[in-house]
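Make a model of this:
(one chain, ligands or ions: 1)
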Amino acid sequence: MDTATAPPSLNPTLAKLREAWNTRRPDYAQRMDDLARLRAAFKQRLSSLIDAMSADFGRRSAHESRLTDGMTVLHEIDLVRSNLRRWMRPRARQADWIFLPASAEIRYQALGVVGIIAPWNYPVNLALIPLVSAIGAGNHVMLKPSEFTPRTSQVLAELLAEVFPSDRVATVLGDAGVAAEFAALPFDHLLFTGSTPVGRKVMAAAAPNLTPVTLELGGKSPAILAPGYPIAVAAARIASGKLLNAGQTCIAPDYVLLRPQERAPFIAAFRDYVTRHYPNLRESSDYTSIINARQYTRLQALVDEAARRGAQVLTLPDAAAHDIDARVFAPTLVLDAPDDCRLMQDEIFGPILPIVTVESVDAAIAYVNARPRPLALYHFDNDRGRTRHVLDSCVAGGVSVNDCIYHNAQSELPFGGVGPSGMGHYHGHHGFLTFSKQLPVFRQTRWTSLSLLRPPYRGLADFITRFLTR
Ligand code: NAD
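Below is the predicted model of the structure:
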């Protein structure tokens, strides 16, 4: 690949990774050993990573960090290690009958050097899970973690430098300028996780190199509450998905669609969830802070604009729960926000839940379909036929029925958006395939029936041609 267009500052790092990969491609034993050493070092540093994330956020639930950034990474490493031999094995495929006795197969080749750009909201998970996939598929990796979690990114860089030689995995630290340079490098594949606007820039930067991209983006993920579904159960599950990491989750339910008569019971149940699970929210070590002042101000501005435009704002348990200095943004429900305010246009990415009233599930479907395709869709319903109707009617990155978030945690399911919420997939086998070239191979035999199909096309060749187009 031509590296002439790459910016000079990061180009030597990529060249070193590529040269090492060209000299010695990681085989099965190497990959297994790399992942085993990564697992051991990761376990050893998990507490430091959790502390670093707490320090970067100001306050971050250590239990949530352990689960969402710790368990998930360990699970991914274990999943790849226990399946890798099978995933790497070439798959025999039937050759088409007119070519018999020839044979066909698919082989799984590493691509080369993979670039990974990660955001700040799950700074360990979203850096290391793609890295584990890419290493499992036999690639070398260049990683750019987020500048908004500098302590975590530093520990990640140290961890990776301890586990991998610098010509197999390299970490680049820096701001958006560095990230833009990074995205313009001629990688063999680039996986970006972040916002939709930056995703557009990443794809444009990759285009001159024809670098294939996987874009894991964001958007507004709706939750639909269907008639008859227990409202308290739905409210608790939506609250749990919304308040995880204080709403700073790409697949957090962004807003809820329900019928007017369900509004009051939903609000009561949501309030009940907040008071039961965060008895002293302002001080609760279980409730995560907003990452920085800019994001806090952005969230406040979303609510203020909606309120100015006539929306009703309910802060839970009450307005005193906000703590601007500690960036504790209390759970907030917003009713009757006008459609064209920023709250209803932008991805919220914080603990604010607009409640949109609709008359029916079909009206909810129409509302969802009139907007950009979401990263996640949540449908709460005990009616199987109606659930199927929703699944058949909406296009989304992924769906959880009767809960939030958890489709993302299934090893056998691909994870990724659609349209403005992203392109491509990873997790488990899907990640292995994303970072592999599926090499189709056709193997001819000593005798081939195709020798009967050569010019001059007379006699048998003429007959076969006619027979094949009968
Ligand atoms: P962001 O897009 O601002 O930044 C993400 C990364 O992009 C950072 O590392 C940053 O340095 C880098 N970057 C900035 N400018 C760049 C440029 N011009 N070219 C290349 N890279 C550049 O996103 P964020 O604020 O860190 O994260 C929040 C967003 O990420 C939300 O929209 C959320 O939905 C999305 N997200 C998506 C997923 C998913 O899996 N689909 C997961 C987490 C977050």
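
List, one by one, the residues from this structure near the ligand.
Applying Cβ under 6 Å from any ligand atom, we find that the chain lies next to the ligand at 117-121, 126, 144, 146-147, 176, 179-180, 183, 193-195, 198, 201-202, 216-218, 250, 347, 349, 375, 417, 422. No exception for glycine: its C-beta is placed from N, CA and C like everyone else's.

So which of these belong to helices?
Those of the residues of the chain next to the ligand mapping onto helices are 126, 176, 179-180, 183, 198, 201-202, per DSSP state H.

about what we covered before: and the residues of the chain next to the ligand, which are buried?
117-121, 126, 144, 146, 179, 183, 193-195, 198, 201-202, 216-218, 250, 347, 349, 375, 417, 422 (16 or more other Cβ atoms under 10 Å).

Figure out the helix or strand that Cys404 lives in.
Secondary structure assignment for Cys404, by DSSP states H and E: no helix or strand.

Residues in a beta bridge with Tyr378, which ones?
Beta-bridge partners recorded for Tyr378 (DSSP bridges): Ala223, Ser400.

my guess is it contacts Ile224, does it?
Yes - if you go by Cβ atoms under 8 Å, Tyr378 and Ile224 touch, sitting 6.9 Å apart.

out of those two, which sits in the more crowded spot?
Tyr378 (30 against 25; other Cβ atoms under 10 Å).

And the pLDDT for that one?
Looking at Tyr378, its pLDDT reads 98.

Distance check, it against Asp392.
16 Å (Cβ to Cβ, to the nearest Å).

tell me the contacts of the residue of the stretch 151-300 of the chain found nearest the ligand?
In the stretch 151-300 of the chain, the residue that lies nearest the ligand is Gly218 (2.2 Å; Cβ to the nearest ligand atom). Residues near Gly218 by Cβ atoms under 8 Å, 6 or more residues apart in numbering: 194-196, 250, 347, 349, 375, 421.

Distance of Gly174 relative to Ser146?
Using Cβ to Cβ, Gly174 is found at 10 Å from Ser146.

right, I mislabeled it, should have said Lys437
Counting by Cβ to Cβ - Lys437 and Ser146 are separated by 29 Å.

Let me have the ones in helices among the residues of the chain next to the ligand in a markdown table, extended by distance to Val155 and pLDDT.
Output for those, formatted as a markdown table (distance: Cβ to Cβ, whole Å; pLDDT from 0 to 100):
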| residue | distance to Val155 | pLDDT |
| --- | --- | --- |
| Leu126 | 15 | 98 |
| Ala176 | 21 | 96 |
| Ala179 | 19 | 97 |
| Ala180 | 24 | 97 |
| Ala183 | 24 | 98 |
| Val198 | 24 | 97 |
| Lys201 | 27 | 98 |
| Val202 | 25 | 98 |
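
Among these, which one sits closest to Asp96?
Val202 (39.3 Å; Cβ to Cβ).

if you average pLDDT over stretch 384-404, what comes out?
98.

Revised request: answer the last question for stretch 63-82.
98.

what's the top helix by length along the chain packed up against?
Of all the segments of type helix in the chain, defined by DSSP H, the longest one is helix 28-57. In terms of contacts (3 or more Cβ pairs under 8 Å, 6 or more residues apart in numbering; DSSP states H and E), helix 28-57 is packed against helix 62-65, helix 72-88, helix 125-136, helix 150-163.

Check which residues of the first one are buried.
Residues of helix 62-65 classed as buried under the neighbour-count rule (16+ other Cβ under 10 Å) are 62, 64-65.

Output the below-cut-off pLDDT ranges for the protein.
1-8 (pLDDT under 70).

Dead centre of it: give me the residue that sits there.
Taking Cα atoms, centre = their mean, the centroid of the chain lies closest to Glu216, which sits 4.7 Å from it.

For the nearest residue to that residue once chain neighbours are set aside, give me its contacts.
Once flanking residues are discounted, Glu216 sits nearest to Thr193: 4.1 Å by Cβ to Cβ, 6 or more residues apart in numbering. Shown in contact with Thr193 (Cβ under 8 Å, 6+ apart): 117-119, 126, 130, 216-217, 250.

Repeat the analysis, applying 7 Å as the threshold.
117-119, 126, 216 (Cβ atoms under 7 Å, 6 or more residues apart in numbering).

Distance-wise, check Asn121 relative to Pro212.
25 Å.

so what secondary structure elements neighbour the host helix or strand of Ala20?
Using DSSP H and E, Ala20 falls within helix 11-23. Under the contact definition 3 or more Cβ pairs under 7 Å, 6 or more residues apart in numbering; DSSP states H and E, helix 11-23 sits against strand 113-117, strand 140-144.

ok, now with 8 Å
Packing partners of helix 11-23 (3+ Cβ pairs under 8 Å, 6+ apart): strand 113-117, strand 140-144, strand 169-171.

Distance to His429 added to those, as a markdown table?
Output for those, formatted as a markdown table (distance: least, Cβ to Cβ, whole Å):
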| stretch | distance to His429 |
| --- | --- |
| strand 113-117 | 17 |
| strand 140-144 | 19 |
| strand 169-171 | 22 |
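
out of those strands, which comes closest to Asp51?
So among the helices and strands packed on helix 11-23, strand 169-171 is nearest, using Cβ to Cβ, at 19.0 Å.

Show me what counts as buried in the closest one.
So for strand 169-171, counting by 16+ other Cβ under 10 Å, buried means 169-171.

Tell me which stretches of the stretch 301-450 of the chain form strands.
312-315, 332-335, 352-357, 376-380, 398-401, 422-423, 436-443 (DSSP state E, counting those that start in this stretch).
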